[in-house]
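*Asks:* Show me how the following folds:
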Amino acid sequence: MRMRFAFSLFLLAAIAFCAPEPTAAGQAETGDSGAITCRVIEAHTAGHPAVVAVVFHQAQKEDQPRLASLLLQHSGEEAEVQIGGAARTAGSVFRLKSCFGRGLLLLPADAPPLKDGETFTLTFAQDNGKN
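*Replies:* Prediction:
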């Protein structure tokens with residue numbers, strides 16, 4: 001019960017600190033239209049349930065409209081995350097409705113660690129390169 005309460009407080013705090021950003025277009029360095037490079041705003045690990053919660057946005061300002069569109073299309077779906085040279089990790093991605101251009105990523109607790117300010121590549125599983 002305490003962990004659920006703490007996790008709920010974390011989500012509320014993340015939403016409260018979000019602010020809008022200017023818009024432009026772009027895509028990830030990988031060249032894959034289903035992938036986009038993102039930056040960690042903050043990351044937290046919980047023991048029960050065993051999860052890593054990551055609030056993120058685009059790594060480059062020009063990618064903001066594309067990320068916003070992908071989050072709108074794929075909120076609640078599975079996505080793959082690549083952190084540095086580590087293997088891809090599956091997780092769930094959500095659009096934070098009250099935070100323009102921000103997302104919430106839920107990963108298994110054993111995922112490679114993410115630190116505030118770090119970048120990662122996010123690939124939407126359902127995208128199939130159609131964007």
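*Asks:* and after the worst-scoring helix or strand of the chain on mean pLDDT, which helix or strand comes next?
*Replies:* The least trusted helix or strand in the chain, going by mean pLDDT, DSSP states H and E, turns out to be helix 2-16, with a mean of 43. For helix 2-16, the succeeding helix or strand toward the C-terminus, using DSSP states H and E, is strand 35-46.
*Asks:* Pull out the buried positions in the following helix or strand past that next one.
*Replies:* Sequence-wise, the next helix or strand downstream of strand 35-46 (DSSP H and E) is strand 51-58. Neighbour counts using 16 or more other Cβ atoms under 10 Å place 51-58 of strand 51-58 among the buried residues. From N, CA and C alone the C-beta is placed, and that goes for glycine too.
*Asks:* I'd like those laid out as TSV, including distance to Leu122.
*Replies:* Compiled in TSV, those are given as follows (distance: Cβ to Cβ, whole Å):
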residue	distance to Leu122
Val51	17
Val52	14
Ala53	15
Val54	10
Val55	13
Phe56	8
His57	11
Gln58	10
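*Asks:* Need those residues in TSV (columns: pLDDT).
*Replies:* Output for those, formatted as TSV (pLDDT from 0 to 100):
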residue	pLDDT
Val51	95
Val52	95
Ala53	96
Val54	96
Val55	97
Phe56	97
His57	96
Gln58	96
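*Asks:* Farthest pair within these?
*Replies:* Within those, two members stand farthest from each other by Cβ to Cβ: Val51 and Gln58, at 22.9 Å.
*Asks:* now the one helix or strand Glu78 maps to against strand 35-46, angle please.
*Replies:* Using DSSP H and E, Glu78 sits in strand 77-82. Counting by axes from the mean of the first three to the mean of the last three Cα atoms, to 10 degrees, strand 77-82 lies at 100 degrees to strand 35-46.
*Asks:* Give me the contacts around the helix or strand following strand 77-82.
*Replies:* Scanning forward in sequence from strand 77-82 by DSSP H and E, the next helix or strand is strand 89-95. Here strand 89-95 makes contact (Cβ atoms under 8 Å, 6 or more residues apart in numbering) with 68, 71-72, 74-83, 102-108, 111-112, 122, 124-125.
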